[in-house]
Every structure is written in C-alpha cells, then in structure tokens.
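> Got a predicted model here, sequence first, then my questions.
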Amino acid sequence: MLVLMVTALNAVSPKVSTRLKTDVTRVAVHPAGFGIYRFRYLWSDVSHIGVMAQEVRERVPEAVVCDNDGFLRVDYAAIGMQMDRYPA
C-alpha cells in the first residue's frame, strides 16, 4: 500500500510501498523486467510472493492504478501472475 504526498510542484507522488512490508527479498525477475519478491505485511506472519507496484508501473503502466484511497494497486492478471502465499 502507498501513502501519497503532495510535492511543491503540486504533483502527487507515491511513497515507497515497502514501508508496509517487511522481510522483502527478491526471488525472481518477471519477463517484463521487474522484480518478483517474497515479503510479509507488517501486520501479518504470512509470507507472500508478489511484485512492487512502483516497479510494475515503470514497465507495464497499464497494470497499475491509483485507487481513490491513494494506494497503488496491481492488476496481476495484466502481468500474467497472481499474488499468493509463499510456500513455507
């Protein structure tokens, strides 16, 4: 999830989504060139495998939307994968 901040130029830029993630480890590279990561959300003990929206937005911008709450969301189907639990 991202928290947005307003810059001096009156543009909106996202903060790094890893602020809400811990134990972030790059485990692979997607064919489009962005990383695939194992991580846990700060409020969970469950590890997931997924991507970082900021990286996806650089390579496949149509797969990322900024929702009304200001958080970036990845359309995993648009990148040919799904976020899932990381096998223990």
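Good, I have the coordinates. Numbers count the residues shown, from 1 in each chain.
> Quick check: residue 26 is in a helix.
No: when classified by DSSP: H, G, I helix; E, B strand; the rest coil, residue 26 is found to be strand rather than part of a helix.
> How about it: what's its closest non-neighbour residue?
With sequence-adjacent residues excluded and distances taken as C-beta to C-beta, 6 or more residues apart in numbering, residue 26 is closest to residue 35, at 4.6 Å. Every C-beta, even on glycine, is put in place using the N, C-alpha and C of the backbone.
> can I assume that neighbour is in contact with residue 55?
Yes: Residue 35 lies in contact with residue 55 (C-beta atoms under 8 Å); the separation is 5.9 Å.
> more neighbours, these two?
It is residue 55, of residue 35 and residue 55, that has more neighbours when counted by other C-beta atoms under 10 Å, with 19 against 16.
> any idea which element that one lies in?
If you go by DSSP states H and E, residue 55 is part of helix 53-59.
> Return the residues in contact with the residue nearest to residue 26.
Applying C-beta atoms under 8 Å, 6 or more residues apart in numbering to residue 35 gives the contacts 26, 28-29, 51-52, 55.
> quick one, strands of this structure?
Counting by DSSP state E, the chain has these strands, from start to end: 4-6, 12-14, 21-29, 35-41, 47-50, 64-66, 72-74, 84-85.
> Report the mean per-residue pLDDT for the first one.
The predicted model assigns strand 4-6 a mean pLDDT of 30.
> Residue ranges in this protein under the pLDDT threshold?
With pLDDT under 70 as the threshold, the chain has low-confidence stretches at 1-19.
> tell me the centre residue of it?
For the chain, the residue nearest the mean C-alpha position is residue 52 (2.7 Å; C-alpha atoms, centre = their mean).
> how about stretch 76-88 as PDB, C-alpha atoms only?
The C-alpha atoms that make up stretch 76-88 are tabulated as PDB, following Å, rounded to 0.1, in the frame of the first residue of the first chain:
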ATOM      1  CA  TYR A  76      -1.900  -9.200 -11.500                       C
ATOM      2  CA  ALA A  77      -3.900 -10.700 -14.400                       C
ATOM      3  CA  ALA A  78      -2.400  -8.000 -16.600                       C
ATOM      4  CA  ILE A  79       1.100  -9.200 -15.800                       C
ATOM      5  CA  GLY A  80       0.200 -12.900 -16.100                       C
ATOM      6  CA  MET A  81       0.600 -13.800 -12.500                       C
ATOM      7  CA  GLN A  82      -1.100 -13.600  -9.100                       C
ATOM      8  CA  MET A  83       0.000 -12.600  -5.600                       C
ATOM      9  CA  ASP A  84       0.000 -15.700  -3.500                       C
ATOM     10  CA  ARG A  85       1.300 -17.100  -0.200                       C
ATOM     11  CA  TYR A  86       4.900 -18.100  -0.400                       C
ATOM     12  CA  PRO A  87       5.400 -21.800   0.200                       C
ATOM     13  CA  ALA A  88       6.900 -22.500   3.600                       C
END
